[in-house]
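Enquirer: Make a model of this:
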Amino acid sequence: MKIRFMGACQEVGRSAFAVSMGEKYLVLDYGVMVNHHVGFPMHIPPKEVEAIVLTHAHLDHVGSAPIFYIAGGVPLYGVQPTFNLTNLIIKDFLKLSGYYAPYEYIDLQTMLKHQRDLQYKQATDIGNGSVTLINAGHIPGSAQAIVQSDGKRILYTGDFNRQPTRLVDGADPEYKNLDAIVMEGTYAMEDHPIRDGLEKEFVQKVTEVVEGGGTVLVPAFGVGRSQELLSVLSAYHFEHPVFVDGMALDAMDLLLKHPAALRDAGVFERASKMAHWVDGWNDRRRAAKTPGVIISPAGMLKGGASVFYMENVAAKKQNAVFMVSFQVPGSPGRILLERKKFVIHGRARPVDARIERFDFSSHGGKRELEQTLSDLDKKTRVFVVHGAEGNCKKLADWASKELGLNASAPKTGDVVEI
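Expert: A predicted model of the protein is given here:
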C-alpha cells in the first residue's frame, strides 16, 4: 500500500494525499494554499484516481478538487454539510481569486453532482479496499478517514480536535490497530487554553470594550470559527449588538439546515436569532459606528469585509480587534499581532485599537497531539503533515525519541510504501 504526499508537507495549506487502492489511488483532500500567492498541490493524473474524499470544507483541503471534474469525474465522498459548505467557499474563492484557479464554476457544479454522502462509521467499498469516515471534531461535517486495502489500515486525521467546542463534539479517538497514521502537526509546540476559562475571558473583555463605548472587530473564518464565536456569545447571554457579515452569514444559514452536525442545535439556533445580519454597505457603516461586536471574514485579514472594518475601527483607542483564528506567518493578521500595524490604502499604519489574541482553535494542541501519538501501537508508522515553522519535524522527532515510534515529516513528492 503506497501513500503519496502531494501537499501540506512541512507547511499549512494545499493538503493533498493519495493512498493506493489496487491499480488506482484514493485522493484524500486536494486543497489550495492561500497566502502571499495561491498555490496548488502536486499533480496526480485523473486517470490514476479511483475516488476522492473531502475531510472538511476549508479551502486548504478542498480548493483544488474541481480540477478532477474538468473532463469526466470520479465519486466524491464526505459527510454533510461538507459538500454544501464546499460549494459556498469555492464559489467565494472563484469570485475573489478566480484568475488563479485552473477550473471554472461549471467544474465545481460538475464535481458536486458526483458527491456521495456518508455517515460517520459507515464503511464504503472503494477499488480494492474500503474507507470509513469518523468524526474529526474540527468543524461541522469534518472527518478523519480510515483507509483499508491489501490487509493494511491507514488513518488520515485531516484537521482534528479531541476537545469538544461550542459547535461540535470532540474527535473519535480510534487510534489502535493502525499500520500508519498521517496526522496534522499544526500546533505541535503550543497548548490551547482550557475552553471554559477562555470563553469567559473573551466575553468579559468584549463586554468591557463595548460598555466603554467601543466596537470590537472579530476577524474570523467564515466557516466554523464565526459560528463558534456567535454561539459562545449566545451561551453567555451577551446583551449588546452582534453583527455578522460575509460568508459567515451563508454558512450560518446552511448549518441551521444540518442540526445533526452540531453539538447543540438549540444554542446555535438562539445564536442565529441574536445576530444582526449585515446586508450591504449601509449596514456595514452602521455596524462600524455602533458599540458592539462585528464578526466578519477574513480570519487572517487578507480581504473580505473585515478589511473595511479595520479601516474604521483601527484608529480609535476605545475600539478593539480580537484575533481568534490561526495566523499564517507573513499574513496581515500575524503582522498585526506581532507589530501592531495594518496596511490601509497601501501604507502600513500603526493601530491604536486594543489588539488581543484568543486561542479558539479547532485544531488539537500539543497536549492532544502527544496524547494521540501515545495512544498508537508501536508498529504504527507516523507521518506528520500540516505544520509550519518546523512543527512537523519537531513533533515527529518527539514521537521517535519519547515513544519509540517510527515517525517522520515527509516532503512534498515523497511516496512511501506501507
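
Enquirer: What distance do you get for the closest residue to Gly246 other than its chain neighbours to Ile335?
Expert: Computed as CB to CB, 6 or more residues apart in numbering, the closest residue to Gly246 that is not its neighbour in sequence is Pro297, at 4.4 Å. For glycine as for every other residue, the C-beta is placed from the backbone atoms N, C-alpha and C. Computed as CB to CB, to the nearest Å, the Pro297 to Ile335 distance reads 18 Å.

Enquirer: before we move on, the earlier item: distance-wise, check the residue nearest to Gly246 relative to Asp92.
Expert: Here Pro297 is placed at a distance of 9 Å from Asp92 (CB to CB).

Enquirer: These two: who's more crowded?
Expert: Under the criterion of other CB atoms under 10 Å, the comparison of Pro297 against Asp92 puts Pro297 first, with 28 against 19.

Enquirer: any idea whether Lys205 is helix, strand or coil?
Expert: Under DSSP: H, G, I helix; E, B strand; the rest coil, Lys205 falls in the helix class.

Enquirer: Spit out the contact partners of it.
Expert: Applying CB atoms under 8 Å, 6 or more residues apart in numbering, we find Lys205 in contact with 320, 322, 356.

Enquirer: Can you give me the neighbour number for the first one?
Expert: Neighbouring residues of Ala320 were enumerated by other CB under 10 Å; the total is 23.

Enquirer: Can you name the residues bridging to it?
Expert: When bridges are called by DSSP bridges, Ala320 pairs up with Val216, Arg354.

Enquirer: tell me the contacts of the residue nearest in space to the middle of the chain?
Expert: What sits nearest the mean C-alpha location of the chain, by CA atoms, centre = their mean, is His58, with 4.9 Å. Residues in contact with His58 (CB under 8 Å, 6+ apart) are 31, 89, 139, 159, 221, 223-224.

Enquirer: just curious, which of these is nearest to Thr186?
Expert: Closest to Thr186 out of these is Asp159 (7.3 Å), distances taken as CB to CB.

Enquirer: Nearest to Met274 among the contacts of Lys205?
Expert: Closest to Met274, out of all of the contacts of Lys205 and judged by CB to CB, is Phe322, at 18.0 Å.

Enquirer: how about the helices in the stretch 251-400 of the chain?
Expert: 265-274, 281-289, 305-313, 332-339, 366-375, 391-403 (DSSP state H, counting those that start in this stretch).

Enquirer: Of all the residues in the helix or strand just after the last one, which ones are buried?
Expert: Which is helix 391-403. Next helix or strand after helix 391-403 toward the C-terminus (DSSP states H and E): strand 406-408. Under the neighbour-count criterion of 16 or more other CB atoms under 10 Å, strand 406-408 has 407-408 buried.

Enquirer: Give me the mean pLDDT for strand 406-408.
Expert: Mean pLDDT, computed over strand 406-408, is 98.

Enquirer: tell me how far it is from the chain's mean position?
Expert: 25 Å (CA atoms, centre = their mean, to the nearest Å).

Enquirer: again, but for stretch 348-363
Expert: 18 Å.

Enquirer: Quick one: end-to-end length of it, please.
Expert: 31 Å (CA to CA, to the nearest Å).

Enquirer: One more: stretch 277-292?
Expert: End to end - CA to CA - stretch 277-292 spans 13 Å.

Enquirer: List the contacts of it.
Expert: Residues outside stretch 277-292 that contact it (CB under 8 Å, 6+ apart): 210-211, 213-216, 240-246, 249, 276, 294, 296, 305, 308-309, 312-313.

Enquirer: List only those of these flagged as buried.
Expert: 210, 214-216, 241-246, 249, 276, 294, 296, 305, 308-309, 312-313.

Enquirer: Buried residues in stretch 165-176, which are they?
Expert: 165-168, 170-173, 175.
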